[in-house]
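Asker: A structural model of the following input is requested.
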Amino acid sequence: MPFRDHWRDVKTLHNDGIPIDTTSNETAKLFDATLTQYIGWYSDKQLGGIKSSLFRLLASDPNCASSRILAAALGMFSMPRPSALVHTQLIETLGDTVTSSNHYINLHTQALINWSLGYRSRAADIWETILLSYPFDIMTLRFALDTYFHLGNQNMLRDSVARVLPIWESSSSHRPLKSHLYGMYAFGLGETNMVLRAEKQARLGLELNEHDAWATHALAHAAEYMGQTSEGIDFLKKTDNHWHQCDIIAPHIDWHWAIYELEHGNWEKAEEILEHYFLNNSGIELSRLKYTDAASLIYRLKLAGHPYPSQSNSQLKQFLNVHSRDHQTIFQDFHHYFVLDNVADTETKKDFLRSLKETVELSDTDAGNSYREIGQRIFAALECFDEGDYAQVVELLYPIRNRTAMAGGSNAQRDIFTLLLIHSAVYSNNNQHQQLANRLINERCELRGSTKSRMMENYANTLLTN
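Answerer: Below is the predicted model:
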């Protein structure tokens, strides 16, 4: 079955290694239904989607701590809000769960509190502790993976799944949600440059479930990393009806499609995807993921020499106005800057950077560490780029180019910093920078299977005429 419609009761969840703390079978089934949508990246229309499922879940047994943990995590991971409010709202959601004597619940509570205070590495360590005792607890595994993604911890994106995958494989072949582990593992493999193995694992997932969004997404990454963007477009076209049903992540997979088109120099097609799937003025507030994807595409179009008209960005402006001072992750703040670059004046951008600095510069949180290690230099480079000081962009970015994983996100998303560096080196008035640009183009193409994209060819041709 590609999408599930039979939900597990209390006994079955316990037998499957998920220690839900309720005696209500209704609650257990609603928990399973909500968890399944979260893991599978889709909204079950018969259930009204994740929000409706979660509301019914919490109402069915207000004393079920597992339900409140799931609700709290979904709130923190998915819903942008000011960093100062995250902890307060978490405590409200958890209620008396924070004083639970249940060891499993207590560990989850500790992890969520650490996450809400900005200590995400500590939270991930606690979730790994839970997985030692509960390797089939896919909720905890997903919490850990989401956190490693925010942290840019590529090795643990891979290894957290590797630790439990053999245990799942030796268990029942009919265990629900099993196919997703192959896609999860494939994503981590791809992020650590084990791309051929990533492709193999992703295809295993799709053999089990052709609608598996994790596996489709991992293959989209693999195609980009191997320079097989034409094959990537063909794959997404052929399987469009499968992955577009996973509505939560489908726009992000469309983003990958747009990235392929930009590599081919097809900026019109990339802009068409941006307008159709992200900025269609549906009246619905953008999700965090759709916002960052749209912001990234707009900045990439700028680098490609085709700036997107700012008057078309009302949805992005709305999100920006509400969330520009959240400062939850440096990754999010980079994308705020990409939008500001398109719609705001210089003073507004400087005001945003002052707010960010005041919030995180002296913080001992993971975001504070990331800001000091790489964030300050990247934001300074973005400012210099706006001013046309390409030589200074190179001086700022080149020393940290192999450390940008600390920003969070994927290699594909952070490739924007590589493009910014190459672009600046190409247009720098420093001859050594132009030589460096040639080498960086070679490096990027070799990493992608000796494929020289139209985008890179354009940069190389510009160097020849300089």
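
Asker: For stretch 227-245, output the C-alpha coordinates as PDB.
Answerer: C-alpha atoms of stretch 227-245 as PDB (Å, rounded to 0.1, in the frame of the first residue of the first chain):
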ATOM      1  CA  GLY A 227      25.800  16.100 -12.800                       C
ATOM      2  CA  GLN A 228      23.000  14.100 -14.200                       C
ATOM      3  CA  THR A 229      20.500  16.900 -14.300                       C
ATOM      4  CA  SER A 230      18.900  15.800 -17.600                       C
ATOM      5  CA  GLU A 231      18.300  12.400 -16.100                       C
ATOM      6  CA  GLY A 232      16.900  14.100 -13.000                       C
ATOM      7  CA  ILE A 233      14.400  16.000 -15.000                       C
ATOM      8  CA  ASP A 234      13.300  12.900 -16.800                       C
ATOM      9  CA  PHE A 235      12.900  11.000 -13.500                       C
ATOM     10  CA  LEU A 236      10.800  13.800 -12.000                       C
ATOM     11  CA  LYS A 237       8.600  14.000 -15.100                       C
ATOM     12  CA  LYS A 238       8.000  10.200 -15.200                       C
ATOM     13  CA  THR A 239       7.200  10.000 -11.400                       C
ATOM     14  CA  ASP A 240       5.400  13.300 -11.100                       C
ATOM     15  CA  ASN A 241       2.100  11.700 -10.100                       C
ATOM     16  CA  HIS A 242       3.800   9.800  -7.300                       C
ATOM     17  CA  TRP A 243       5.800  12.400  -5.500                       C
ATOM     18  CA  HIS A 244       3.400  15.300  -6.000                       C
ATOM     19  CA  GLN A 245       0.900  13.500  -3.800                       C
END
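
Asker: what comes up buried for it?
Answerer: 227-229, 232-233, 235-236, 239, 242-245 (16 or more other CB atoms under 10 Å). Placement of C-beta: from N, CA and C, glycine included.

Asker: tell me the average confidence for it?
Answerer: What stretch 227-245 shows for mean pLDDT is 97.

Asker: Can you give the distance of that stretch from its chain's centre?
Answerer: Mean-position distance between stretch 227-245 and its chain equals 19 Å (CA atoms, centre = their mean, to the nearest Å).

Asker: Run through who's touching it.
Answerer: 2-3, 42, 210-211, 213, 216-217, 219-220, 222-224, 249-250, 253, 256-257, 259-261, 263-264, 445, 448-451, 453 (CB atoms under 8 Å, 6 or more residues apart in numbering).

Asker: Select only the buried ones of those residues in ChimeraX?
Answerer: The following ChimeraX line selects those of the contacts of stretch 227-245 that are buried, judged by 16+ other CB under 10 Å:
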select :42,211,213,216,217,219,220,222,223,224,249,250,253,256,257,259,260,261,263,445,448,451,453
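
Asker: Which of the contacts of stretch 227-245 fall within helices?
Answerer: Among the contacts of stretch 227-245, the residues falling in helices (DSSP state H) are 213, 216-217, 219-220, 222-224, 250, 253, 256-257, 259-261, 263, 445.

Asker: any idea which of the buried residues of stretch 227-245 is closest to Leu58?
Answerer: Gln245 (26.3 Å; CB to CB).

Asker: Please report how far that closest one lies from Met455.
Answerer: For Gln245, the distance to Met455 equals 31 Å [CB to CB, to the nearest Å].

Asker: likewise Asn25?
Answerer: 55 Å.

Asker: same question, Leu464
Answerer: 16 Å.

Asker: higher neighbour count, those two?
Answerer: Met455 (21 against 7; other CB atoms under 10 Å).

Asker: Nearest spatial neighbour of that one, chain-adjacent residues omitted?
Answerer: Glu263 (5.4 Å; CB to CB, 6 or more residues apart in numbering).

Asker: Below-threshold pLDDT in the stretch 1-150 of the chain: ranges please.
Answerer: 1-2, 79-84 (pLDDT under 70).

Asker: What's the separation between the most centrally placed residue in the chain and Ile105?
Answerer: Residue closest to the mean C-alpha point of the chain, counted by CA atoms, centre = their mean, is Gly409 at 5.1 Å. With the distance defined as CB to CB, Gly409 ends up 31 Å from Ile105.

Asker: what does Leu145 give?
Answerer: 21 Å.

Asker: swap in Ile422?
Answerer: From Ile422 to Ile105 the distance is 49 Å (CB to CB).

Asker: all helices of the stretch 251-400 of the chain, in order?
Answerer: Using DSSP state H, counting those that start in this stretch, the helices of the stretch 251-400 of the chain run over 267-277, 288-303, 314-323, 330-343, 346-360, 366-370, 376-386, 390-397.

Asker: Kindly report the same for the stretch 101-250 of the chain.
Answerer: Using DSSP H, counting those that start in this stretch, helices in the stretch 101-250 of the chain cover 103-116, 120-133, 138-151, 154-169, 178-191, 195-208, 213-225, 229-238, 240-243, 250-263.

Asker: Let's have those helices in a markdown table, adding distance to Phe385.
Answerer: Formatted as a markdown table, the helices of the stretch 101-250 of the chain follow (distance: least, CB to CB, whole Å):
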| stretch | distance to Phe385 |
| --- | --- |
| helix 103-116 | 33 |
| helix 120-133 | 29 |
| helix 138-151 | 25 |
| helix 154-169 | 26 |
| helix 178-191 | 26 |
| helix 195-208 | 30 |
| helix 213-225 | 24 |
| helix 229-238 | 25 |
| helix 240-243 | 34 |
| helix 250-263 | 18 |
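
Asker: Tell me where the stretch 301-450 of the chain is predicted with low confidence.
Answerer: For the stretch 301-450 of the chain, counting by pLDDT under 70, not a single residue falls below.

Asker: How about the contacts made by Arg377?
Answerer: With CB under 8 Å, 6+ apart, Arg377 has these contacts: 396-397, 399-400.

Asker: so how far is stretch 166-175 off the chain centroid?
Answerer: Per CA atoms, centre = their mean, the centroid offset for stretch 166-175 relative to its chain is 27 Å.

Asker: and that stretch, which residues are buried?
Answerer: Trp168.

Asker: Between the two ends of that stretch, how far is it?
Answerer: End-to-end distance for stretch 166-175, by CA to CA, to the nearest Å: 13 Å.

Asker: Quick one: mean pLDDT for that stretch?
Answerer: 90.

Asker: what does that stretch contact?
Answerer: Contacts of stretch 166-175 (CB under 8 Å, 6+ apart): 16, 135-136, 178, 181.

Asker: so can I have JSON lines of those residues showing distance to Ser160?
Answerer: Shown next, in JSON lines, are the contacts of stretch 166-175 (distance: CB to CB, whole Å):
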{"residue": "Asp16", "distance to Ser160": "19"}
{"residue": "Pro135", "distance to Ser160": "11"}
{"residue": "Phe136", "distance to Ser160": "14"}
{"residue": "Lys178", "distance to Ser160": "16"}
{"residue": "Leu181", "distance to Ser160": "11"}
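
Asker: farthest-separated two in those?
Answerer: Across the contacts of stretch 166-175 (CB to CB), the longest gap, 13.6 Å, separates Asp16 and Leu181.
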